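> Starting from these lines, generate the structure:
(one chain, ligands or ions: 1)
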Amino acid sequence: DRKRQMKPKAPSYMTFDDIGGQDRAKHELKEALDFLIRHEDIKKFGIRPLKGILLTGPPGTGKTLMAKAAAHYTNSVFVSAAGSEFVEMYVGVGASRIRDMFKEARMRAQKENKESAIIFIDEIDVIGGKREGGQHREYDQTLNQLLTEMDGMHSGEAPRVLIIAATNRKEMLDSALLRPGRFDRHITVDLPDKKGRLHILNIHSANKPLADEVSLDKIAEETFHFSGAQLESVMNEAAIYAMRESSENVEQKHLSLAIDKVMMGEKADRETTK
Ligand code: ATP
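Now for the predicted structure:
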C-alpha cells in the first residue's frame with residue numbers, strides 16, 4: 001500500500017525516479033543517453049555521435065526534469081538556458097551568449113572533473129524558429145552560432161557535450177536544426193495518462209501529511225488532461241488550504257478545492273490569451 005511517511009528533504013539533483021509517468025519518454029531518453037555513456041562502442045561501430053535531443057510536448061510535462069535527470073544519469077555537468085535569454089536588442093549579443101554557454105559547459109566539466117556536459121536549452125523555438133524569406137533577424141545570428149557550435153562538437157575527447165532542447169512548438173522550428181547531426185532524436189513528452197497522474201501525485205504528496213480518507217487514485221481519475229506541473233500545484237494548493245484551516249492533514253475537501261482552483265487558473269489563462 002501507499003507509503004504515508006514523510007520523505008527526507010529532496011536532494012538538489014533530479015533522478016528519473018523523481019519523474020512520474022512518462023515511461024516511454026524516459027526509456028527513449030535513457031537509450032539515447034547510451035551514446036554519451038558508451039562512447040567507446042560508438043566509436044568502434046563507427047556510429048555517428050549524437051549531438052542533440054529534442055524534447056517536445058505541452059508545457060509543464062517534465063521536459064526540464066528529464067534534462068536534469070539525464071545529467072545525473074550520465075554524471076554530466078548541467079548547464080541550462082532558455083531561448084528567450086538569447087534575444088537581445090543588439091546584434092551579436094545572442095550569438096556571443098551561445099559561445100559563452102558552450103565555454104561554461106566545458107570549463108565546468110573540467111573543473112568538476114566530469115567527462116561530459118549536458119546543455120539544456122528550453123524554448124528553443126524562440127531562437128530556432130523558421131528563417132523565412134530572407135528576412136534578416138537578429139536571432140538568425142544566434143541560431144547560426146548554435147549550429148556552428150554543434151557542427152564543431154566532437155565526440156572523441158572529454159568533455160563530451162550533448163544538447164537537450166525543449167519546445168512546445170516543434171512545427172515552428174527551422175529545418176536546419178533538425179538535420180542529421182543536429183537535433184535528430186525527438187522524444188515526445190506528453191500529458192500523463194491516469195497511471196502517470198497517479199505516479200506524479202504520489203511523488204508530490206510524499207512530503208505531505210495526507211488524511212487516510214484521501215484516494216489519490218480518485219484524484220488521478222478526476223484530473224484528466226492535467227499536466228505534471230498542474231498536479232504539483234494541486235498538491236501544493238491543497239496543503240495550503242489545510243494549513244490555513246489548521247487541519248492535521250490534507251483532506252479530500254482541500255484537494256477538491258485545489259483541483260477547482262488549478263482548473264480555474266487554467267481557464268483564466270486561456271481567456272487572457274484569447
Ligand atoms: P515548460 O515547457 O513549461 O518549460 P516543462 O515540460 O519543462 O515545462 P518542468 O519544468 O519539467 O516542465 O515541470 C514543472 C514542474 O512540474 C516540475 O518542477 C515538477 O514539480 C512538476 N512536474 C512536471 N512534470 C512532472 C512529472 N512527470 N513528474 C513529477 N513532477 C512533474
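> Tell me the bridge partners for the residue nearest to Leu54 when sequence neighbours are not counted.
Spatial nearest neighbour of Leu54, excluding adjacent residues (Cβ to Cβ, 6 or more residues apart in numbering): Phe183 at 4.2 Å. Where C-beta positions appear, they are placed from N, C-alpha and C, glycine not excepted. Residues in a beta bridge with Phe183, per DSSP bridges, are Gly52.
> Ala117 versus Phe183, what's the distance?
Computed as Cβ to Cβ, to the nearest Å, the Phe183 to Ala117 distance reads 17 Å.
> confidence score at the closest residue to Gly83 other than its chain neighbours?
Distance criterion Cβ to Cβ, 6+ apart; nearest residue to Gly83, sequence neighbours excluded, is Val126 at 3.1 Å. The per-residue pLDDT reported for Val126 equals 90.
> my guess is Val126 contacts Phe86, does it?
Yes: assessed by Cβ atoms under 8 Å, Val126 is found in contact with Phe86 at 7.4 Å.
> the more surrounded of those two?
With neighbours defined as other Cβ atoms under 10 Å, Val126 and Phe86 compare such that Phe86 has more, 25 against 21.
> so where's the stretch 51-200 of the chain shaky on pLDDT?
89, 132-139, 155-156 (pLDDT under 70).
> how close does whichever residue of the chain sits closest to the ligand sit to Ser205?
With Cβ to the nearest ligand atom as the measure, Gly228 is the residue of the chain nearest to the ligand, at 2.1 Å. Distance, Gly228 to Ser205, using Cβ to Cβ: 13 Å.
> near the ligand, which residues of this structure?
19-22, 59-65, 122, 166, 168, 200, 203, 228-229, 232 (Cβ under 6 Å from any ligand atom).
> how much space between Leu65 and Val126?
20 Å.
> Likewise for Val250?
For Val250 relative to Val126 (Cβ to Cβ), the value is 38 Å.
> doesn't Phe224 make contact with Leu191?
No: using Cβ under 8 Å, Leu191 makes no contact with Phe224, being 9.1 Å away.
> okay, the two: which has more neighbours?
Leu191 (17 against 10).
> could you say which helix or strand contains the residue nearest to Gly83?
helix 125-128 (DSSP states H and E).
> what distance separates the top helix by length along the chain from the centre of its chain?
Secondary structure assigned by DSSP state H gives helix 252-272 as the longest helix of the chain. Relative to its parent chain, helix 252-272 has a centroid offset of 23 Å by Cα atoms, centre = their mean, to the nearest Å.
> Which secondary structure elements does it sit against?
When contacts are defined as 3 or more Cβ pairs under 8 Å, 6 or more residues apart in numbering; DSSP states H and E, helix 252-272 sits against helix 216-222, helix 228-244.
> got the buried residues for it?
Applying a neighbour-count criterion of 16 or more other Cβ atoms under 10 Å, one finds 253-255, 257-259, 261-263 buried in helix 252-272.
> got the angle for it vs helix 228-244?
130 degrees (axes from the mean of the first three to the mean of the last three Cα atoms, to 10 degrees).
> ok, Arg185 to Leu216 distance?
For Arg185, the distance to Leu216 - Cβ to Cβ - is 34 Å.
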